[in-house]
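In: got a structure for you, letters missing:
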Ligand code: SF4
Ligand code: SF4
Ligand code: FES
């Protein structure tokens, strides 16, 4: 094992999206020697795909907005299953995180008085999303990337080395977290894509910021990197995941042509006036306003249309219901035979805004449809349908420090769980990344100050053996084929609408797939026509084989938790248990791994603090909470 | 309406390699990247290619398709005749790592030399900027860093020796972005000329032509930068006055 490079850091951040970069910036600002591990090139992370904006109650567009309103919206969106402490921190700190980006050079769209403009989005009571056209995620990544460069320039001036205290390891993938004899994190093990060489990071604190799990599903808006790496690494290191049954299907993904199926169509289209119609030309969302939201949404097209100009005296259009509601509605319309030619519904902005306005406000959508589908969205409607977009579930963390249950492990962003409850509101992701990215960086830096570790050789040897397995196997299945089957299984049996028998079938199928995943081979002899073995450098087949382990573990968590939760809530809809249950609301399902097998445990949530509870009307609380959880009567 | 397309893909490692022929299925609505993925999943599992978003948003999948610098994920197969051979090669200006993947570290090195945004003494939350004033730099911030412009620019495309003194259109545009940023207080005009090689650019507009984001690199970034550099040489006060409300530090910012 002497030829494996060992690098010492105080904090290692795995993931270079919004959460990872913000965590790394914070750790470095705290004076810690920090490494950023990026599965792709620097600046390419999935965050660039986020379009709509970052939610923060700055009150620039409507002065009535404040953190309490944002907190309420977030809890409602998540159907009260959110970690209330995370939702509180998020709502309070989001404005500072946005303003800080501006001080680092971000250029958001402006209001007339020169402040940051804010736009409407599903589930948000006031216009709240700071945005840059429909490419806000790119702005966020680029700004953090440039802030990192700025810090590196400072280090260059001081030490003559840009990388002295903050280094980006591009195209590097971590396959194992390493632990010492005391059961603490002592580093991470992975490979460098370009060379195929292994590398060991020796560090007391590791921040997971790896994003989501979408690549386990066939129709998804997620990029190839989203293979549940952090979720799986955490489990394998002994940490736990919560809320894995809650998967967000974004209501509007492209449905045609087949090769782009699943690519996201931003919610801003609806925020800016776009409406959903079925094949009869009917705005069907009015038929799908659930009881809990009855008094907040317009019941006629006239009222809905007035809302855009006069939101104080009209109720919101139902197209702007939280994502889970809209996705289910589209699903039902298609099932009822009222879908569009390619199996979606119509999203119409052409008849609602002038072509110039559409091009100005939704430039990437205009571009995307023109280039990929030959559709001019200023002249004709788009066809859209649900696509797997986001996982609410993730590593169970302490809300204040982002620490997981294993000492030295931290998690932020999509890979962490709790913040969004059963359903995430659009716009709450980008702000989540910044708020909890910073907190994780801070938590990791503080922990690292008091801890020193070293990596036991045995840990490294085991990690090497595991990573080399699919590469050294002479015969075995093609990883691409196994991956496709896994995706199909999850899409068909653990998708947007779930049933007991199908979930059982899924678990059985996953069991079989697990054996096959353990048996894939990437050697040239395994079905390929390429004759010579070119080694492990930049070998996508091998990389996929390693990612498969993660997708497999995560899929099992989702399927098992989905089978266990006998109610419908947010991103978990059970055909056989269509109602929301106040008793289930109190319960988090916790996944852990024992001897490679996923274990599930029910865990009671901590009751919401009094002052936060009092932000809601009793009548609203009654829709969600059990009798015993309601505040004392004197509040009436 | 699927058909079999003829593909020629460059396969090889640093320096050595060759075009390999493949016959591969193509379905309706597909893009070049779909076909490359099909090759990976069937006959060439070790075919190296970079990609992330498959929606023209991350700038990872840059390559040369029939000799033209393009994003593979935004090049539809319907733009080729069914009997046409589609040739896919890596970007020429950057060293090959393997197959279609190139070493683009030149770009990250150049990025690091440009002094970062400096908002002066304004506190977070107190910036006030008008939409018309941010729009110029916003255009440049649409850049997805595909590096196709740098790949195309003749100053470095076949002139390795110029790389040291020339940051390429992408990063000259970054300088312009910061110069036009309404809240930035530094002055990078001198280093644009002396260190980043603005003078090498003879405004051929080839970079603009290949930009998948349709950014008017030459007209809106490079030419105005050249004008500003000349302006500085003659009369720095004109420049100072042109940014009303922002106090520029009077001296030139050194490279980072
Ligand atoms: S306009 Fe300038 S930067 Fe662009 S390709 Fe021509 S010489 Fe290069
Ligand atoms: S300016 Fe255009 S061509 Fe150049 S890197 Fe950016 S997006 Fe690519
Ligand atoms: S894969 Fe992102 S631009 Fe092509």
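Out: Yep, that arrived. Computed from a predicted structure; not experimentally measured. Ligands and ions are numbered 1, 2, ... in the order given.
In: Phi first, then psi, for residue A:592.
Out: phi -140, psi 180 (degrees, to the nearest 10).
In: ok, now which ones touch residue A:182?
Out: For residue A:182, the contact set (C-beta atoms under 8 Å, 6 or more residues apart in numbering or on different chains) comprises residue A:407. All C-beta atoms are positioned from the backbone trio N, CA, C, and that covers glycine.
In: Make sure I have this right: it is in a strand.
Out: No - judged by DSSP: H, G, I helix; E, B strand; the rest coil, residue A:182 forms no part of a strand; its state is coil.
In: what's the residue nearest the centre of chain A in contact with, if anything?
Out: Centre of chain A computed as the mean C-alpha position; nearest residue by C-alpha atoms, centre = their mean is residue A:414, 3.6 Å away. Residues touching residue A:414, when contacts are defined by C-beta under 8 Å, 6+ apart, comprise A:19, A:211-212, A:390-391, A:394, A:429.
In: which among the residues you listed are in contact with ligand 2?
Out: Restricting the contacts of residue A:414 to those within reach of ligand 2 (C-beta under 6 Å from any ligand atom) leaves nothing.
In: which one of those has the most neighbours?
Out: residue A:19 (37 neighbours; other C-beta atoms under 10 Å in any protein chain shown).
In: Which strands or helices does whichever helix or strand it is part of pack on?
Out: Taking DSSP states H and E as the criterion, the element that holds residue A:19 is helix A:18-29. Taking 3 or more C-beta pairs under 8 Å, 6 or more residues apart in numbering or on different chains; DSSP states H and E as the contact definition, the neighbouring helices and strands of helix A:18-29 are strand A:11-14, strand A:34-37, helix A:136-159, strand A:205-208, helix A:428-449.
In: Just checking: what are the partner strands of the following helix or strand past the third one?
Out: Just to be clear, that refers to helix A:136-159. Past helix A:136-159, heading to the C-terminal end, the next element that is a helix or strand (DSSP H and E) is strand A:166-169. According to DSSP bridges, strand A:166-169 has the following sheet partners: strand A:34-37 (parallel).
In: highest average neighbour count across the helices and strands packed on helix A:18-29?
Out: Stretch with highest mean neighbour count among the helices and strands packed on helix A:18-29: strand A:205-208 (a mean of 34; mean count of other C-beta atoms under 10 Å in any protein chain shown).
In: Could you spell out the sheet neighbours of that strand, each with its direction?
Out: Partners of strand A:205-208 in the sheet, by DSSP bridges, are strand A:11-14 (parallel), strand A:409-411 (parallel).
In: So the closest residue to ligand 2 within the stretch 151-256 of chain B versus residue B:74, what's the distance?
Out: Taking C-beta to the nearest ligand atom, ligand 2 has its nearest neighbour within the stretch 151-256 of chain B at residue B:211, 3.3 Å off. With distances taken as C-beta to C-beta, to the nearest Å, residue B:211 is found 12 Å from residue B:74.
In: What residues does whichever residue of the stretch 151-300 of chain A sits closest to ligand 2 make contact with?
Out: In the stretch 151-300 of chain A, the residue that lies nearest ligand 2 is residue A:170 (16.5 Å; C-beta to the nearest ligand atom). With C-beta under 8 Å, 6+ apart as the criterion, the residues that contact residue A:170 are A:38, A:40-42.
In: Let's see which of those residues end up in helices.
Out: The helices, defined by DSSP state H, take in nothing from these.
In: Now do the helices in the stretch 301-450 of chain A.
Out: Counting by DSSP state H, counting those that start in this stretch, the stretch 301-450 of chain A forms helices over residues A:301-307, A:323-335, A:355-361, A:363-373, A:428-449, given from the N-terminal end onward.
In: Which secondary structure state does the nearest residue in space to residue B:34 that is not next to it in sequence sit in?
Out: Excluding its sequence neighbours, the residue lying closest to residue B:34 (C-beta to C-beta, 6 or more residues apart in numbering or on different chains) is residue A:259, at 4.5 Å. Reduced to three states with three-state DSSP, the structure at residue A:259 is helix.
In: Tally up the residues packed near residue A:259, please.
Out: Around residue A:259 there are 24 other residues, counting by other C-beta under 10 Å.
In: Correct me if wrong: it contacts residue B:32.
Out: No - under the contact definition of C-beta atoms under 8 Å, residue A:259 does not touch residue B:32, with a separation of 10.5 Å.
In: Pop the domain breakdown of chain B in here.
Out: Chain B breaks down into these structural domains: B:3-101, B:105-244 (assignment by automatic domain parsing).
In: closest to ligand 1 out of these?
Out: Comparing the domains of chain B by their distance to ligand 1 (C-beta to the nearest ligand atom), the top pick is domain B:105-244, with 3.2 Å.
In: do that closest one and ligand 1 meet at all?
Out: Yes - counting by C-beta under 6 Å from any ligand atom, ligand 1 is contacted by domain B:105-244 at B:152-153, B:155, B:169, B:201-207, B:218, B:222.
In: From those residues, keep the buried residues only.
Out: Neighbour-count burial within those applies to B:152-153, B:155, B:169, B:201, B:206-207, B:218, B:222; the criterion is 16 or more other C-beta atoms under 10 Å in any protein chain shown.
In: quick one: which of the residues you listed sit in helices?
Out: Among these, the members that lie in helices (by DSSP H) are B:152, B:155, B:169, B:206-207.
In: Near ligand 2, which residues of chain A are found?
Out: Checking chain A against ligand 2 by C-beta under 6 Å from any ligand atom, there are no hits.
In: what ranges do the helices span in the stretch 1-150 of chain B?
Out: The residue ranges that make up the helices of the stretch 1-150 of chain B, judged by DSSP H, counting those that start in this stretch, are B:32-41, B:105-113, B:131-141, B:148-152.
In: Can you tell me which of those is packed in deepest?
Out: The stretch of the helices of the stretch 1-150 of chain B with the highest mean neighbour count (mean count of other C-beta under 10 Å) is helix B:148-152, at a mean of 27.
In: burial of residue 251, as a residue count?
Out: As the question left the chain open, I've gone with chain A. Taking other C-beta under 10 Å as the criterion, the count of residues near residue A:251 is 32.
In: Chain B was what I was after
Out: When neighbours are defined as other C-beta under 10 Å, residue B:251 has 10 of them.
In: Quick check: closest non-adjacent residue to it.
Out: Residue nearest to residue B:251 in three dimensions, not counting chain neighbours: residue B:187, with 7.2 Å by C-beta to C-beta, 6+ apart.
In: Now do the helices in the stretch 151-256 of chain B.
Out: Counting by DSSP H, counting those that start in this stretch, residue ranges of the helices within the stretch 151-256 of chain B are B:154-157, B:168-180, B:189-194, B:206-210, B:223-234, B:236-242.
In: closest to residue A:518 out of these?
Out: Closest to residue A:518 of these is helix B:168-180 (C-beta to C-beta; 44.3 Å).
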